[in-house]
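In: Here is a sequence together with a model predicted from it:
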Amino acid sequence: MSLIYKEYDDGFVVRRMRPHETTYIQQWDSDLVPTGRDLDVAINSYSADSDGFYIGEYRGEVVASVIRIPLAEDVFYGSCFYVVEKFRGSGFGRRIRDDVAAGFVGSKTLCVDAHDFLEEMNKKRGYISGYNVVMYKGKPPRKSTALPAGTTLKNALDVSFDKIIDYDNKCFVRPNSPYRYKILKQWIRMEGGKSVVALSTSGDVIALACRRPSVEGRHHIIGPLYAGNILMAQVLVEELCEDLETSSQGDMIWLNMRESSERVKQLVRLLDLEGDLRMLRMYLNGDLGDLNHDVFAVTSVDFCGY
């Protein structure tokens with residue numbers, strides 16, 4: 001039995017998402033692009049009665065969803081806003097988003113990555129536009145880039161997590177986030193994934209990259225990809241892809257990246273990536289500005305766009 005937030009006279013109910021119900025959202029999203037099990041990690045990082053994971057149910061059928069994830073005390077990330085096609089226009093989306101989820105966010109800053117065609121509608125609701133986030137795709141690169149002098153690469157599981165979070169704090173939207181700590185600790189252990197870090201001569205983490213599989217097919221999503229320069233970012237991606245198949249029928253990699261960054265543009269050319277899905281970062285109740293300089297690819301547009 002999941003927590004019920006609101007019931008309506010016509011039978012529509014907004015309640016807390018159950019862990020197994022992330023499969024609905026993964027199925028909906030996979031109609032557009034390959035989708036990872038990112039939401040599984042997120043929902044399992046919180047207690048069963050935590051707010052932020054909302055399902056709309058009508059006469060026993062799951063028909064809508066919306067996610068509001070606290071990234072820090074003053075910042076939320078919103079995603080997975082969806083209504084099953086045959087119920088669009090019924091008001092179910094407005095109810096789950098505005099009647100329930102909005103109350104959890106309150107006056108704190110909400111970030112979303114919206115489809116371009118929703119920009120004007122979102123502006124009327126008080127959002128302001130930021131930058132474009134593009135989902136790039138390509139074949140896995142082979143190792144061809146020399147590791148910068150004085151650095152070493154290691155599997156993230158072989159490095160102190162405290163050192164990893166110390167570096168992540170420099171790149172993430174807010175340092176010392178307890179939410180980020182819980183999620184990242186699971187992220188680097190994701191089944192079927194791979195996470196690597198670069199270490200300086202003093203043993204400090206100076207770059208981080210994670211890869212996880214999609215729900216279906218031979219697709220792999222990379223993020224976060226944090227590095228101080230383009231060369232290090234390229235080395236990390238090549239390391240993540242070492243065990244992937246490069247043939248025409250082989251694997252594909254996907255990265256969610258800030259389109260306007262010149263460093264990202266150069267990395268896209270070096271990795272021979274092409275843009276697929278284009279989104280627009282938008283903010284409600286504030287403007288968090290640009291991404292940190294070291295952020296080449298965000299963690300996940302499903303629940304953590306930083």
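Out: Great, that's in hand. Numbers count the residues shown, from 1 in each chain.
In: name the helices or strands packed onto the helix or strand harbouring Trp254?
Out: Per DSSP states H and E: Trp254 is located in strand 252-258. On a contact count with 3 or more Cβ pairs under 8 Å, 6 or more residues apart in numbering; DSSP states H and E, strand 252-258 meets strand 128-138, strand 219-227, helix 262-271, strand 295-297. For glycine as for every other residue, the C-beta is placed from the backbone atoms N, C-alpha and C.
In: Quick check: neighbours of it in the sheet, parallel or antiparallel?
Out: Sheet pairing of strand 252-258 (DSSP bridges) gives strand 128-138 (antiparallel), strand 219-227 (parallel).
In: In CSV, could you pull the C-alpha coordinates for the helix or strand just after the longest one?
Out: Toward the C-terminal end, the helix or strand that comes next after strand 128-138 (DSSP H and E) is strand 152-155. Written as CSV, here are the backbone C-alpha positions of strand 152-155 (Å, rounded to 0.1, in the frame of the first residue of the first chain):
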residue,chain,number,x,y,z
THR,A,152,46.5,7.5,-13.1
LEU,A,153,43.2,5.8,-13.8
LYS,A,154,41.3,3.6,-11.4
ASN,A,155,38.0,1.8,-11.0
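In: quick one: strands adjacent to strand 152-155?
Out: With DSSP bridges as the test, strand 152-155 pairs up with strand 194-199 (antiparallel).
In: what sits up against the partner strand?
Out: 147, 151-157, 159, 164, 167, 187-188, 205-211, 227, 232, 235-236, 239-240, 243 (Cβ atoms under 8 Å, 6 or more residues apart in numbering).
In: Which of those residues are buried? Put it as a PyMOL command.
Out: Selection of the buried residues among the contacts of strand 194-199 in PyMOL, burial being defined by 16 or more other Cβ atoms under 10 Å:
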select buried, resi 147+153+156+159+164+167+187+188+205+206+207+208+209+210+211+227+232+235+236+239+240
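In: Just say which of the strands paired with strand 252-258 is most tucked in.
Out: strand 219-227 (a mean of 25; mean count of other Cβ atoms under 10 Å).
In: Next, the angle from that one to helix 262-271.
Out: Orientation check (axes from the mean of the first three to the mean of the last three Cα atoms, to 10 degrees): strand 219-227 against helix 262-271 gives 130 degrees.
In: any idea how far strand 219-227 is from the chain center?
Out: Offset of strand 219-227 from its chain centre (Cα atoms, centre = their mean, to the nearest Å): 10 Å.
In: could you dump stretch 210-228 to PDB, C-alpha only?
Out: What follows is stretch 210-228, C-alpha atoms only, in PDB (Å, rounded to 0.1, in the frame of the first residue of the first chain):
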ATOM      1  CA  CYS A 210      30.200   6.700 -14.900                       C
ATOM      2  CA  ARG A 211      28.600   4.400 -17.500                       C
ATOM      3  CA  ARG A 212      25.300   2.400 -17.100                       C
ATOM      4  CA  PRO A 213      23.300   0.200 -19.400                       C
ATOM      5  CA  SER A 214      20.000   1.100 -20.900                       C
ATOM      6  CA  VAL A 215      16.900  -0.900 -20.200                       C
ATOM      7  CA  GLU A 216      16.800  -2.400 -23.700                       C
ATOM      8  CA  GLY A 217      19.300  -2.900 -26.400                       C
ATOM      9  CA  ARG A 218      23.000  -2.400 -26.600                       C
ATOM     10  CA  HIS A 219      22.900   1.200 -25.400                       C
ATOM     11  CA  HIS A 220      25.100   2.700 -22.700                       C
ATOM     12  CA  ILE A 221      24.600   6.100 -21.000                       C
ATOM     13  CA  ILE A 222      27.600   8.000 -19.700                       C
ATOM     14  CA  GLY A 223      27.100  10.500 -16.900                       C
ATOM     15  CA  PRO A 224      28.400  12.200 -14.900                       C
ATOM     16  CA  LEU A 225      31.400  13.000 -16.900                       C
ATOM     17  CA  TYR A 226      33.400  15.500 -14.800                       C
ATOM     18  CA  ALA A 227      37.000  16.500 -15.800                       C
ATOM     19  CA  GLY A 228      39.200  19.600 -15.700                       C
END
